[in-house]
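Novice: Sequence below, structure please.
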Amino acid sequence: MANKVSQLHTIYYYASGSCNLRCRHCWIEPGFSDAAAADSYTPFALLRPVFEEAKTLGLCSVKLTGGEPFLYPEIDDIIESLINMKLRVTIETNGTLLNPQRVESLAGHGIFVAVSLDGAAKATHESLRGVEGCYDKLLQNMALMQKAGIRYQVIFSLHKKNAGELADAIKLAISMGAGSFKINPINDLGRADKMKSNSELHSVAETLAFYNGEFAEIVKDCPIPVHFDIPAALKSLTDLRKQSMGVCGIMGILGLLHDGSAGLCGIGEKIPEMNFGSVLNGGLTKIWQENKFLQQIREGFPRNLQGVCGRCRMKMHCGGKCLASTFAATGSLVAGFPFCEEALRSGLFPQTRLNKSGSNI
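Specialist: Numbers count the residues shown, from 1 in each chain. Here you go, the predicted structure:
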């Protein structure tokens, strides 16, 4: 092959094509259900060889996400099996389907868990999540994790109607044992397009104003790490000093979708071009080595990034932020990240973080 094939470091496994919540901002848009339908997941007997095959390509970690991963009927078995394969496991969940036995098992294995809390008030959280009672269930299970000693992460999906509750949500999370807190400004993918139409989402300018103003004050003396998920080039020096910028892991990541196909990530559920075909029956290695989109990424990435990302001094760390989001918005994997392009057009992108020549070297 002309291009060097990276190690497959991490699989993002979108275990269930269903979810027990009706989140208004979900970009994958899974079907609503309290139980997984037969066509909303792949039996683990078919998946075990896939993970074993992936280990020969370098796999060392798996993130279980969804839909809601705890709707997967064999979720407890798959977690145990992945641990027995010596793979590091992390889980993203809405937090409503945990129970004492599961929490005890997660704690015993030292598994990193992230749960979603979108407001300090019940009404605020449930207005985004779309199901009555989900707030109380979440808090009950956060209490179980606190008792079990799990230092879990809380993810907060930021929009105009919950921004005023951020400080109280952080305090609530800390009081219930959260070890870190992450803020994801909602973009307009999937169902969130309706939120944008209703003027519920922050513009780029509003997001940056909130980040540099209210957020900076809220976290000034916060006892746990709080991460605001915007590109590194738009972060304050204070934030960059406190938190490692990290290096984009896209070169070693592959999405595994609920139907047994592969994708760049979960966007393969929504965009046909980003569905790379089945990985069952030995198909994983061929996809990882030969898929045209993965090859395109490897051709000089991240130096091949274009637009504002090509000019950005931080591209070697940021890696274009989210190639899936960029593809969804532009049809290109290497175009400038839309958030940063809008910041540049609005005069909000720091000129000190652009190459002076205007080149993408």
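Novice: Count the neighbours of the nearest residue to Ala192 once chain neighbours are set aside for me.
Specialist: Closest residue in space to Ala192, ignoring its immediate chain neighbours: His25 at 4.3 Å, by CB to CB, 6 or more residues apart in numbering. In short, each C-beta sits where N, CA and C put it, glycine included. Neighbours of His25 under the rule other CB atoms under 10 Å: 25.
Novice: Who are the contact partners of His25?
Specialist: Counting by CB atoms under 8 Å, 6 or more residues apart in numbering, His25 touches Leu128, Ser157, His159, Ile186, Gly190, Arg191, Ala192, Met195.
Novice: Can you check the pLDDT for it?
Specialist: Listed pLDDT for His25 reads 96.
Novice: Check for me that it belongs to a strand.
Specialist: No. Checked against DSSP: H, G, I helix; E, B strand; the rest coil, His25 lies outside a strand; its state is coil.
Novice: Restricted to strands, list the contacts of His25.
Specialist: Ser157 (DSSP state E).
Novice: And the contacts of His25, which is closest to Leu354?
Specialist: Nearest to Leu354 among those: Ile186, at 27.0 Å, using CB to CB.
Novice: For the closest one, give its distance to Lys196.
Specialist: The gap separating Ile186 from Lys196 is 9 Å, by CB to CB, to the nearest Å.
Novice: the more surrounded of the two?
Specialist: Ile186 (24 against 17).
Novice: Would you agree that one is in contact with Asp193?
Specialist: No. The criterion here is CB atoms under 8 Å, and Ile186 misses it with Asp193 at 10.6 Å.
Novice: Just the helices from the stretch 51-200 of the chain, written as ranges.
Specialist: Per DSSP state H, counting those that start in this stretch, the stretch 51-200 of the chain carries helices over the ranges 75-84, 100-109, 122-129, 134-148, 166-175, 192-197.
Novice: closest to Leu344 out of these?
Specialist: helix 192-197 (20.5 Å).
Novice: Not counting its own residues, what contacts the closest one?
Specialist: Contacts of helix 192-197 (CB under 8 Å, 6+ apart): Arg24, His25, Cys26, Trp27, His159, Ile186, Asp188, Leu201.
Novice: buried set for that helix?
Specialist: Using 16 or more other CB atoms under 10 Å as the test for burial, helix 192-197 gives Ala192, Met195, Lys196.
Novice: Convert it to PDB, retaining C-alpha atoms only.
Specialist: The C-alpha coordinates for helix 192-197 follow below in PDB (Å, rounded to 0.1, in the frame of the first residue of the first chain):
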ATOM      1  CA  ALA A 192     -30.700  19.500  16.900                       C
ATOM      2  CA  ASP A 193     -31.500  21.100  13.500                       C
ATOM      3  CA  LYS A 194     -35.000  21.800  14.900                       C
ATOM      4  CA  MET A 195     -33.400  23.400  18.000                       C
ATOM      5  CA  LYS A 196     -31.500  25.700  15.700                       C
ATOM      6  CA  SER A 197     -34.600  26.600  13.800                       C
END
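Novice: Please state the offset of that helix from the chain centre?
Specialist: On the basis of CA atoms, centre = their mean, to the nearest Å, helix 192-197 sits 19 Å off its chain's mean C-alpha point.
Novice: following that helix, which helix or strand comes up?
Specialist: helix 204-210 (DSSP states H and E).
Novice: Now do that following helix: everything it contacts.
Specialist: Leu158, Lys160, Ala163, Pro185, His202, Ile230, Leu234, Phe339, Glu342, Ala343, Ser346, Leu348.
Novice: for the very next helix or strand once past it, packing partners?
Specialist: Later in the chain than helix 204-210, the nearest helix or strand by DSSP H and E is helix 216-218. If contacts are counted by 3 or more CB pairs under 8 Å, 6 or more residues apart in numbering; DSSP states H and E, helix 216-218 sits against helix 166-175.
Novice: Columns mean pLDDT and distance to Ile267 on top of the helices of the stretch 51-200 of the chain, output as JSON lines?
Specialist: Listed next are the helices of the stretch 51-200 of the chain as JSON lines, based on pLDDT from 0 to 100; distance: least, CB to CB, whole Å:
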{"stretch": "helix 75-84", "mean pLDDT": "96", "distance to Ile267": "23"}
{"stretch": "helix 100-109", "mean pLDDT": "96", "distance to Ile267": "27"}
{"stretch": "helix 122-129", "mean pLDDT": "98", "distance to Ile267": "21"}
{"stretch": "helix 134-148", "mean pLDDT": "98", "distance to Ile267": "25"}
{"stretch": "helix 166-175", "mean pLDDT": "98", "distance to Ile267": "27"}
{"stretch": "helix 192-197", "mean pLDDT": "96", "distance to Ile267": "14"}
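Novice: for the stretch 251-361 of the chain, what are the low-confidence residue spans?
Specialist: 357-361 (pLDDT under 70).
Novice: One more pass at 50, please.
Specialist: 361 (pLDDT under 50).
Novice: Can you show me the helices along it?
Specialist: 284-290, 292-298, 307-311, 315-318, 323-330, 338-345.
Novice: hmm, who's touching the last one?
Specialist: So that's helix 338-345. 187, 203-204, 207-208, 230-231, 233-234, 307-309, 312, 321, 325-326, 329-330, 336, 349.
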